[in-house]
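*Asks:* Have a look at this fold, sequence not included:
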């Protein structure tokens, strides 16, 4: 199933190449002023400047988006997990950066670690991932990229009338069943 997203508070980009596609409009789904974009990459701000297309930079600046960088794949693999386990890191970043007020990160962390330990096959790897997801450790790995908005705004023409809705695929994951 798919559903449209518009005025999103946060955009998580697990694969930065999605932002490099010509004519992509992912950033247009972000809310105006204060939306957050998190890119899973090992990039520095200089890499971001060189790599993102002018269209994406302009859209980020016009949307007044906050840009965050994290190498979630690198964190997962350094813990001995598969690169696909970066989703645990990205979920933690989502909780860390959300300011919903419903639950602080310190309250969410035990629940997230419980899920990691429940779903990971290796106890040692699950423990290393939980260590990497501790609030201080995670904060040290998330970089807020301070870009020059005026420079990025003029990088390319931008129009909100070109806004498109992003369709997000939704799938359900079954919980592992105990085998006794």
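*Replies:* It's in. All of these numbers come straight from a predicted model, not from anything done at the bench.

*Asks:* ok, how many other residues are close to residue 108?
*Replies:* Residue 108 has 19 neighbours, counted by other Cβ atoms under 10 Å. C-beta coordinates here come from the backbone N, C-alpha and C atoms, glycine included.

*Asks:* Tell me how far it lies from residue 92.
*Replies:* 8 Å (Cβ to Cβ, to the nearest Å).

*Asks:* Nearest residue to residue 38 in space, please, no chain neighbours.
*Replies:* residue 68 (4.6 Å; Cβ to Cβ, 6 or more residues apart in numbering).

*Asks:* Report the strands that pair with whichever strand or helix holds the one you found, each with its relative direction.
*Replies:* According to DSSP states H and E, residue 68 maps onto strand 66-70. The strands beside strand 66-70 in its sheet (DSSP bridges) come out as strand 36-40 (parallel), strand 143-145 (antiparallel).

*Asks:* which residues touch residue 127?
*Replies:* Counting by Cβ atoms under 8 Å, 6 or more residues apart in numbering, residue 127 makes contact with residue 117.

*Asks:* for the helix or strand hosting it, which positions count as buried?
*Replies:* Assigned by DSSP H and E, residue 127 falls within helix 123-132. Residues of helix 123-132 classed as buried: 125-126, 128-130, 132 (neighbour count, 16 or more other Cβ atoms under 10 Å).

*Asks:* Thanks a lot, see you next time.
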